[in-house]
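Colleague: any chance you can model this:
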Amino acid sequence: MFIEKAMLNEEEIYILQSRCKNITISSQAMHLHCSESRVNRIIANLKKKYDAVQKEYPEDFPIRTS
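Modeller: Just a heads-up that it's a prediction; the model follows:
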């Protein structure tokens with residue numbers, strides 16, 4: 001539901017799903033052929049997107065704690 005509402009791209013979906021599987025940032029960066037800094041920026045943008053979606057649909061998405 002979040003993926004659709006936030007209109008995530010393929011990189012963001014990969015980062016989200018792999019973070020849920022406890023894959024490290026360095027492993028994500030290697031998989032995506034990018035730097036760890038880029039992965040961290042994607043994670044920061046995912047948090048912003050989640051906050052925006054949560055604000056619009058508070059009954060469906062809990063407030064983010066970290």
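
Colleague: residue with max distance from the center of this structure?
Modeller: Most distant residue from the mean C-alpha position of the chain: E59, 20.1 Å away (CA atoms, centre = their mean).

Colleague: got a pLDDT number for that residue?
Modeller: E59 carries a pLDDT value of 92.

Colleague: and if you look at the one 3 residues further on?
Modeller: Here, the pLDDT recorded for P62 equals 93.

Colleague: burial measure for it, as a count.
Modeller: Using other CB atoms under 10 Å, P62 is surrounded by 8 other residues. The way it works is simple: take the backbone N, C-alpha and C, and place the C-beta from them, glycine included.

Colleague: and it, what does it touch?
Modeller: Contact partners of P62, counting by CB atoms under 8 Å, 6 or more residues apart in numbering, are Q54.

Colleague: returning to what we had before: any idea whether the residue farthest from the centre of the chain is helix, strand or coil?
Modeller: Under the three-state scheme (DSSP: H, G, I helix; E, B strand; the rest coil), E59 adopts coil.

Colleague: over to R38?
Modeller: Look at R38: counting by three-state DSSP, its state is helix.

Colleague: what about it, neighbour count?
Modeller: When counting by other CB under 10 Å, one arrives at 16 neighbours for R38.

Colleague: can you pull the pLDDT of it?
Modeller: pLDDT, R38: 98.

Colleague: which non-adjacent residue is nearest it?
Modeller: A29 (6.9 Å; CB to CB, 6 or more residues apart in numbering).

Colleague: what's the answer for S26, then?
Modeller: S26's closest residue in space is E36 (CB to CB, 6+ apart), at 5.8 Å.

Colleague: how much space separates the one you found from Q28?
Modeller: Computed as CB to CB, to the nearest Å, the E36 to Q28 distance reads 8 Å.
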